[in-house]
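K.L.:
Provide a 3D model corresponding to the input given below.
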Amino acid sequence: MSVALSTAPLSATDRAESWHEAVTHAFVPMAVEFLEERPSPGTIVSHRLGPMLISTVQAGPQMVTRGRRMIARDDSASLILTLQQHGTAVKEQDGRETPIRPGEFSFTDASRIFRKRIGEDFAFTSFHFPRAELDVQERDLRALTATAFRSDEGSAALVSTYLAGVAREAAALDEAVGRRAAATALDLLALLIDDRCGRGRPQGPQNAASLERIKDHIRRRLRDPELTPSGIAEANFVSVRFLHKLFQQEGTTVGGWIRAQRLERCSRDLRGPLGRQLGVAGIARSWGFVNSSHFSRAFREAYGMTPRDWQVQGRAGE
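P.N.:
Numbers count the residues shown, from 1 in each chain. So this is what the prediction gives:
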């Protein structure tokens, strides 16, 4: 389900009240101060995936503040992660004041005082979810609020890439898939926080052997559309977090590795006899892709062309 709001049709006078209500509905109650004489139009488009609300926001210069009185009236034990796309936001929380530039992301804890100021037109994508859904120590979380994470570095790059992909696909995901996607996102966030706070990573030959065993388990079950990190972890007697850490060491995610393996097999079968027999949709289903539009986008991103064009090109070369 998606919810969209735009203040563009409203007069500049009416935009302020409407925008304040929209921000409160999409996030938590906050005071909004516009930093321009006539507020620019703003838009918020939201999609819910299980416990996570994903919102894409565009608007003009403004400052939002959540103080003690608002927290006392609405003690929301929730977290907001923001991927900054345009404009630089200055965030303040837990004694830190940090600029969050385009391409970076940051955490905000809605249960404590915070302020965010953006002095120019901006766009960001936020991920709002209950604090209880993120399995990390409270002291670790407090150490990282209002901190800029670059989207091209280590575990932060994995988180950023995955979240951006989830946001792009959110409207097309059904409820069950959306819940699994949100659960994976939260596992990756927990890994990132553990990593930044020096929690142990799996290392050594024993873990390398575990990774190969798990990869073999996955390869033998690629055709199963219900293949999930939780099921893989349970079958291999490891925790979901440990499973994600194993794949993180290789610069990927569990879901990303599974998708790459499935796409490789689809690319092979599309150019073989099965491709003629089953067609593009049939090949996709045979390797665990349940959504044809999602398969087409993933294939085009990986191979630079649509599955149909890939198939036709292969026949032309015969």
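K.L.:
buried stuff in the longest helix anywhere in the chain?
P.N.:
Scanning the chain for the longest helix, with DSSP state H as the assignment, gives helix 175-196. Going by neighbour count (16 or more other Cβ atoms under 10 Å), the buried part of helix 175-196 is 177-196. The C-beta positions use only the backbone N, C-alpha and C, and glycine is treated the same way.
K.L.:
Heading C-terminal from it, find the next helix or strand.
P.N.:
Later in the chain than helix 175-196, the nearest helix or strand by DSSP states H and E is helix 205-219.
K.L.:
If we go by neighbour counts, what in that next one is buried?
P.N.:
By 16+ other Cβ under 10 Å, the buried positions in helix 205-219 come out as Asn207, Ser210, Leu211, Ile214, Lys215, Ile218.
K.L.:
got it, and stretch 152-162?
P.N.:
So, applying 16+ other Cβ under 10 Å, buried residues of stretch 152-162: Ser155, Ala156, Leu158, Val159, Ser160, Thr161, Tyr162.
K.L.:
I'd like the list of these that fall within helices, please.
P.N.:
Short answer: those in helices (DSSP H) are Ser155, Ala156, Leu158, Val159, Ser160, Thr161, Tyr162.
K.L.:
need those in TSV with distance to Leu173 and pLDDT, can you?
P.N.:
Shown next, in TSV, are these (distance: Cβ to Cβ, whole Å; pLDDT from 0 to 100):
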residue	distance to Leu173	pLDDT
Ser155	24	82
Ala156	24	89
Leu158	20	86
Val159	18	90
Ser160	19	92
Thr161	17	91
Tyr162	14	91
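K.L.:
Out of the residues you listed, the closest to Phe295 would be?
P.N.:
Proximity of those to Phe295 (Cβ to Cβ) peaks at Tyr162, which lies at 18.0 Å.
K.L.:
so what's that closest one up against?
P.N.:
Shown in contact with Tyr162 (Cβ atoms under 8 Å, 6 or more residues apart in numbering): Thr184, Ala185, Leu188, Thr253, Gly255, Gly256.
K.L.:
mind listing what's buried in the regular element (helix or strand) spanning the fifth one?
P.N.:
What it means is Gly255. Per DSSP H and E: Gly255 is located in helix 254-270. For helix 254-270, the neighbour count (16+ other Cβ under 10 Å) marks 254-256, 258-259, 261-263, 265-267, 269-270 as buried.
K.L.:
Show me the contact partners of it.
P.N.:
162, 184, 215, 218-219, 222, 227, 229, 232, 243-244, 247, 250, 252, 275, 278, 280, 283-284, 286-289, 295, 298-299, 302-303, 307, 310-311, 314.
K.L.:
cutoff 6 Å now
P.N.:
Helix 254-270 has contacts (Cβ atoms under 6 Å, 6 or more residues apart in numbering) with 184, 222, 229, 247, 275, 283, 287-288, 299, 302, 307, 310-311.
K.L.:
Would you mind listing where the stretch 151-300 of the chain has pLDDT under the threshold?
P.N.:
The model of the stretch 151-300 of the chain has pLDDT under 70 over residues 199-206.
K.L.:
before we move on, the earlier item: with just CA atoms, put the helix holding Gly255 into PDB.
P.N.:
What follows is helix 254-270 as a C-alpha-only set of coordinates in PDB (Å, rounded to 0.1, in the frame of the first residue of the first chain):
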ATOM      1  CA  VAL A 254      22.800 -13.200   1.200                       C
ATOM      2  CA  GLY A 255      20.000 -11.900  -1.000                       C
ATOM      3  CA  GLY A 256      22.400 -10.300  -3.400                       C
ATOM      4  CA  TRP A 257      24.400 -13.600  -3.800                       C
ATOM      5  CA  ILE A 258      21.200 -15.600  -4.300                       C
ATOM      6  CA  ARG A 259      19.900 -13.200  -6.900                       C
ATOM      7  CA  ALA A 260      23.200 -13.300  -8.800                       C
ATOM      8  CA  GLN A 261      23.200 -17.100  -8.800                       C
ATOM      9  CA  ARG A 262      19.700 -17.300 -10.100                       C
ATOM     10  CA  LEU A 263      20.300 -14.700 -12.800                       C
ATOM     11  CA  GLU A 264      23.400 -16.600 -14.000                       C
ATOM     12  CA  ARG A 265      21.300 -19.700 -14.400                       C
ATOM     13  CA  CYS A 266      18.500 -17.800 -16.100                       C
ATOM     14  CA  SER A 267      20.900 -16.300 -18.600                       C
ATOM     15  CA  ARG A 268      22.200 -19.800 -19.500                       C
ATOM     16  CA  ASP A 269      18.800 -21.300 -19.800                       C
ATOM     17  CA  LEU A 270      17.300 -18.500 -21.900                       C
END
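K.L.:
That'll do, ta.
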